[in-house]
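Student: here is my input; please provide its structure:
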Amino acid sequence: MGKHIVILGSGTAGTMTANRLCRAYDDSELRITVVDQDDGHVYQPGLLFVPFGLAQPDHLVRSRPRQLNPAVDYKQARIERVDLDARTVYLVGGIRLSYDVLVVATGARLLPEETEGLTGPGWGEKVFTFYDLPGAVGLHGALERFEGGRLVIDVADLPLKCPVAPLEFAFLADWYFRHRGIRDRVELTYATPLDGAFTKPVAAKALGGLLKAKGVELVTEFTLGEVDGERGRLVSYDERTLPFDLAVVVPLHGGAEYVGRSEGLGDELDFVPVDPHTLQHPDHAEVFAIGDAAGLPASKAGSVAHFESEVLVHNIGRHLAGQPLDASFDGHANCFVETGFHKALLIDFNYETEPLPGHFPGPVGLPLLKESHAAHLGKLAFEWLYWHSLLPGRELPGIGSAMPEHGKHHVHA
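Tutor: This next block holds a predicted model:
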C-alpha cells in the first residue's frame, strides 16, 4: 500500500493537485483522499458575469467528484479538526483519516457577519456581494431594477479572492449602464483600503486611469467599519462616509473554520502559513497548503493555484523521498481584467515583479496592461480551459509555474 495523501478541499487548488498527483504516480505509490463538505464545484471567475446577465448560474456549478480522477477517494463530509501531532484528520460523523502528507486546500470563506451592519437592514435588498452564487444572483435582479442613483463598489479589507474582480465589476457596471442608456443617471464609486486602484504603482496608474476615463470615482484608504443599510451609508474606520443607493461589498475573508480548531495549523485569520517558495508548513514538514487557504503574499486567484500545484506536486514527491524541497515557486500570478465593451487587459506578475506592460508569454503574445479584444476572448476561452485542462491537471504548452521575463518592459509609474 502506498503513502496516503489527504487533500482537504476540492476547489480549484485541491482538484488540480489531486489530478496532478494521479498523473505523476500510480496507485501502488500513492493513495489519495479528497475531502469536501458539499458536491458543488463553482467556477468562481464566472460569478462576476452573473449580475450583468452574461453568465447563467446553473452553468457555473458541476459535481466535485466528477472533476476528480477516478483513482481518487472522495469523501463528502465537514472537517472537525486536524491533529497535527497524530497526523489525523477528524471528520464530522466520526470518520478519522490518518495521513503521510496533508494538503490544505479549503480556500477562503466570506465573513460578512464580521462587519457591523453588513448583513443587517438592506442586506439582499440594496446591499449585495457577488462573491458567492446567491449574492450574484440577487445582485442581477437589483441591477435590473436600478434606474439611477449612486452605486458604490467597496472592498472591505484585505486579503481577498481575485483582487481585480471588484475593479472588473466597476468597469462592467459602466458598460452595463451605458448599454441600458442610463449611465448619465448613475454615479459610480470604487472604494478600496489600498492607496491606489491596485497594489503596485505601474498597474495602479493604468487601472486608476481606466476608472477615471470611465467616470468612476476612486476613493482610497477606505477600510470598511460599518454598513448603515437604513440610511444608505458605508462608514470607514476613520469615520468617513460614502452614501449609496446600491452597495456592492466584497466582505472580509478568512480561512476555513476547522483551521482555527486545529492547534498549530493556521494563523489569526485561519490561513495556513507556509514557506512562500516550497509551500511547506514551517513546523510540520508533512503539511502543505495551496491556493486561497495558504497564508502567502501572493494573490488569492486561480492562476496562482495552478502555478503552485506544479511546484507542490513536485515537492510532495521530494518530501516522500527524503530529498530537499524545490524552492521554486515565485508567486507567479496572471489574470484577465474585463474592462467592458468586449475588451479586457492581461496582467502577469510575481513576488518581485509587478504587473508591467509588454506581452505574454513572450515577446510575441497577448499584450499586457493594454485593453484589447483578444484579451476579452482569452477571458471567455478560459472557462473551457478551466474545466477541460487546468482542473484535470494537464500542462498548458509554453506556460509554466515560473513567471516569464521575456516580453516585459520595465517602466516607472
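Student: so where do the helices sit in the chain?
Tutor: 12-24, 133-145, 165-180, 201-213, 257-260, 302-320, 373-385 (DSSP state H).
Student: mind putting those helices into JSON lines with distance to residue 229, mean neighbour count and mean pLDDT?
Tutor: All C-beta spots, glycine's among them, are computed from the backbone N, C-alpha and C. Converted to JSON lines, those look like this (distance: least, Cβ to Cβ, whole Å; neighbours: other Cβ atoms under 10 Å; pLDDT from 0 to 100):
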{"stretch": "helix 12-24", "distance to residue 229": "33", "mean neighbour count": "25", "mean pLDDT": "97"}
{"stretch": "helix 133-145", "distance to residue 229": "13", "mean neighbour count": "17", "mean pLDDT": "98"}
{"stretch": "helix 165-180", "distance to residue 229": "19", "mean neighbour count": "21", "mean pLDDT": "98"}
{"stretch": "helix 201-213", "distance to residue 229": "25", "mean neighbour count": "18", "mean pLDDT": "94"}
{"stretch": "helix 257-260", "distance to residue 229": "26", "mean neighbour count": "20", "mean pLDDT": "98"}
{"stretch": "helix 302-320", "distance to residue 229": "32", "mean neighbour count": "23", "mean pLDDT": "96"}
{"stretch": "helix 373-385", "distance to residue 229": "33", "mean neighbour count": "16", "mean pLDDT": "94"}
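Student: tell me the contacts of residue 177?
Tutor: Residues in contact with residue 177 (Cβ atoms under 8 Å, 6 or more residues apart in numbering) are 183, 185, 186, 188.
Student: mind checking which of these are buried?
Tutor: The neighbour count (16 or more other Cβ atoms under 10 Å) marks 183, 186, 188 as buried among the contacts of residue 177.
Student: give me the spatial nearest neighbour of the first one, chain neighbours excluded.
Tutor: Nearest residue to residue 183, sequence neighbours excluded (Cβ to Cβ, 6 or more residues apart in numbering): residue 177, at 4.2 Å.
Student: do the same with the last one
Tutor: Take residue 188 and drop its neighbours on the chain: the residue closest to it by Cβ to Cβ, 6+ apart is residue 216, 4.5 Å away.
Student: give me the pLDDT for that neighbour.
Tutor: The model reports residue 216 with a pLDDT of 98.
Student: so it is in contact with residue 174, correct?
Tutor: Yes: counting by Cβ atoms under 8 Å, residue 216 touches residue 174, with 6.3 Å between them.
Student: who touches both of the two?
Tutor: Residues touching both residue 216 and residue 174 (Cβ under 8 Å, 6+ apart): residue 188.
Student: which residues does residue 255 contact?
Tutor: 106, 108, 109, 266, 267, 269, 270, 271, 272, 293, 295.
Student: what's the neighbour count on the residue nearest to it when sequence neighbours are not counted?
Tutor: Setting aside the residues directly before and after it, residue 255 is nearest to residue 270 in space (Cβ to Cβ, 6+ apart), at 3.2 Å. Neighbours of residue 270 under the rule other Cβ atoms under 10 Å: 23.
Student: now do the contacts for residue 270.
Tutor: 254, 255, 256, 257, 259, 260.
Student: could you list every residue that touches residue 234?
Tutor: Here residue 234 is in contact with 152, 154, 191, 222, 224, 226-228, 241-242, 244, 247, 249 (Cβ under 8 Å, 6+ apart).
Student: mind listing what the residue nearest to it when sequence neighbours are not counted touches?
Tutor: Nearest residue to residue 234, sequence neighbours excluded (Cβ to Cβ, 6+ apart): residue 242, at 4.4 Å. Applying Cβ under 8 Å, 6+ apart, we find residue 242 in contact with 152, 154, 189, 191, 219, 222, 233, 234, 236.
Student: report how many residues lie close to the last one.
Tutor: Other residues near residue 236 number 18, with proximity taken as other Cβ under 10 Å.
Student: and for the third one?
Tutor: As a burial measure, residue 189 scores 21 neighbours (other Cβ under 10 Å).
Student: so in terms of bridging, what pairs with it?
Tutor: Going by DSSP bridges, residue 189 is paired in beta bridges with residue 152, residue 217.
Student: what about the closest residue to residue 406 other than its chain neighbours, neighbour count?
Tutor: Leaving aside its sequence neighbours, residue 406 sits nearest to residue 362 (Cβ to Cβ, 6+ apart; 4.6 Å). When neighbours are counted by other Cβ under 10 Å, residue 362 registers 13.
Student: residue contacts, residue 409?
Tutor: Per Cβ under 8 Å, 6+ apart, neighbours of residue 409: 356, 357, 358.
Student: I'd say residue 398 and residue 361 touch.
Tutor: Yes: contact criterion Cβ under 8 Å: residue 398 and residue 361 qualify, at 5.4 Å.
Student: which of the two has more residues huddled nearby?
Tutor: A direct count of neighbours by other Cβ under 10 Å for residue 398 and residue 361 places residue 361 higher, at 18 against 9.
Student: relative to residue 404, how far out is the more buried one?
Tutor: Look at residue 361 and residue 404: by Cβ to Cβ, to the nearest Å, they are 5 Å apart.
Student: and residue 78, by the same measure?
Tutor: Distance of residue 78 to residue 404, computed by Cβ to Cβ: 41 Å.
Student: likewise for residue 115?
Tutor: Remark: distance between residue 115 and residue 404 (Cβ to Cβ) = 39 Å.
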